[in-house]
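Undergrad: Fold the following and give me the result.
(one chain, ligands or ions: 1)
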Amino acid sequence: MRTLIKNGRIATAGDLFYGDIAIDDGIIKEIGSRLGGCFDNIIDAKDKIILPGGVDVHTHFNLHTGRAVAGDDFFTGTAAAACGGTTTIVDHMGFGPANCSMEHQLRVYHEYAKDKAVVDYSFHGVIQHVNEEILDQLAVMIADEGISSFKLYMTYDYRIVDADIIRVMKRLKALGGMLTVHAENHEIIEHLREELLSHGNKEPLYHALSRPDYCEGDAVNRLISLAAAAGGVLLYIVHLTTEKALRHIENASKSGAKVYAETCPQYLLLDEDLYRQEADEALKYVLSPPLRTKRNLEELWRGIREGSIMTVATDHCPFSISLDKQRGKEDFSQCPNGLPGVEERIPLMFSEGVMKGRISINKLVEVCCTNPAKLFGMYPKKGALMPGSDGDVTIIDPECEVTLTCQGLHSNVDYTAYEGFKLKGYPVMTISRGEVIVKDNEFIGQRGRGQFIKRKIMGEIL
Ligand SMILES: [Zn+2]
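TA: I've put the predicted structure just below:
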């Protein structure tokens, strides 16, 4: 199968130019002007912008929390991703039974994704307890299973204490793996939550007030210190939300620490005031960390522009507003945390970011495609438009105007956090390994066509 995409404007992390892309057998063969030859499929991208397929390194499909099950499995979730211009996802494995091995969860997740995923995928390992066996499994996961990044939480039931975080860091440093962390100070949250609830402060707004910005600032600062004590490790903060934490990262980076930050569209575009409305509305935005004040939003955009925030992912974790989220109606602490967003990411970053002049098109490609592929060991197979890369392409029509509504999106959930957002520019075609899988907002690919990506460590590719 040979495909030619012609006459488009090609955007990469470093360039913007008119050209054609030839894809042969799923792989980009050639990029240039007026490419000739025989093709099975010729796509005219005149007046369109061509990006590498989006790479979303933070999703939660098939997530079972104690209280609820997130709405998307690997079919509906990856189909929604594809409709939004994303062709690669890295899902965060959920917790398994107490004391289970990392391989146990890996097997569970391979089962979840098999015959379902429609775009290429990988998983981040999850560290829910630490002992010698778990530390030894890190090497096996990296060398044999192609899982080169792992996540631990500083809060929730399976939080990892500082001494164990250092042990994990030391081992990962030796192996070259990446440690990703949900960074919030657990003790402060517990204290504030109990205090608020005991005073009858149970509305959704108090969810945000129980997790103030200094919880994240403190945790990120502490992680940076723990990484220094461990001799330095590749450290990646998932869903960064605050100026306080960003400043710590910027300072640490100046002194040479390898600390990377991810943020998400909800933290760039939605603010804390959304909690100050009726519970039925406000519960849509109960997620952790919570939405922040407008000042933080502006600082995060600055961080993206200046390069101290490396990636924009989604933390896609959809719970229905009509059922699951209602558990929080009388008490915010009972509300399952998370919101959908895997489909909205590229459209929002294009319209709200590029079209509104907050970032360049190259910066969009950098943070939504290229950097995540590099940091998580998939570059240049993913996240790039160059000969030899997978033929993963998103075509955006910059003139296409779309008002976001739940009905127009494909995630298996009954709301979007961006209902009514008027977007200028929208993905009109998504191509995965040379195959058109989305055309005009309709998924037309085969269920289960997605492939597992054996990821490398960052040191092997950069
Ligand atoms: Zn998450």
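Undergrad: For the stretch 1-150 of the chain, which segments count as helices?
TA: 74-83, 102-113, 132-145 (DSSP state H, counting those that start in this stretch).
Undergrad: which stretches of this protein aren't confidently modelled?
TA: Along the chain, segments meeting pLDDT under 70 are nowhere present.
Undergrad: Could you tell me which residues make contact with Thr65?
TA: Gly94, Pro336 (C-beta atoms under 8 Å, 6 or more residues apart in numbering). All C-beta atoms are positioned from the backbone trio N, CA, C, and that covers glycine.
Undergrad: try 10 Å this time
TA: Neighbouring residues of Thr65 by C-beta atoms under 10 Å, 6 or more residues apart in numbering: Gly94, Phe95, Tyr156, Cys317, Phe319, Asp324, Pro336, Asn337, Gly338.
Undergrad: With Leu172 instead?
TA: Contacts of Leu172 (C-beta under 10 Å, 6+ apart): 127, 135, 138-139, 142, 148-150, 178-179, 227, 230, 233-235, 457.
Undergrad: just Leu63 next, same as before
TA: 69-73, 77, 91-95, 112, 316-319, 336, 338.
Undergrad: ok, of those residues, which come out buried?
TA: Buried subset of these (neighbour count, 16 or more other C-beta atoms under 10 Å): 70-73, 77, 91-95, 112, 316-319, 336, 338.
Undergrad: List only those of the contacts of Leu172 flagged as buried.
TA: Of the contacts of Leu172, these count as buried by 16+ other C-beta under 10 Å: 127, 135, 138, 142, 148-150, 178-179, 227, 230, 233-235, 457.
Undergrad: Tell me the one among these nearest to Pro212.
TA: Leu235 (22.7 Å; C-beta to C-beta).
Undergrad: from what I can see, the closest one looks like it's in a strand, true?
TA: Yes: judged by DSSP: H, G, I helix; E, B strand; the rest coil, Leu235 forms part of a strand.
Undergrad: isn't it right up against Glu262?
TA: No: with contact defined as C-beta atoms under 10 Å, Leu235 does not count as touching Glu262 (11.5 Å).
Undergrad: any residues in contact with both of these two?
TA: Going by C-beta under 10 Å, 6+ apart, residues that sit against Leu235 and also against Glu262 are Thr180.
Undergrad: Now for Lys151: which residues touch it?
TA: 58, 92-93, 123-128, 178-182, 236, 238 are the contacts of Lys151 under C-beta under 10 Å, 6+ apart.
Undergrad: Need the phi and psi values for Val130.
TA: phi -130, psi 130 (degrees, to the nearest 10).
Undergrad: who's in contact with it?
TA: Leu152, Ile160, Val161, Ala163, Asp164, Ile165, Ile166, Arg167, Val168, Arg171.
Undergrad: now swap in Phe17 and tell me
TA: Gly8, Arg9, Ile10, Ala11, Ile31, Ser33.
Undergrad: Make a PyMOL selection of the buried ones in those.
TA: Remark: buried members of these, expressed as a PyMOL selection using 16+ other C-beta under 10 Å:
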select buried, resi 8+9+10+11+31
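Undergrad: I'd like the contacts of Phe17 as TSV, with distance to Leu63 appended.
TA: Below are the contacts of Phe17 laid out as TSV (distance: C-beta to C-beta, whole Å):
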residue	distance to Leu63
Gly8	36
Arg9	38
Ile10	36
Ala11	33
Ile31	38
Ser33	46
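Undergrad: Just the contacts of Phe17: which are in strands?
TA: Among those, DSSP state E puts Gly8, Arg9, Ile10, Ala11, Ile31 in strands.
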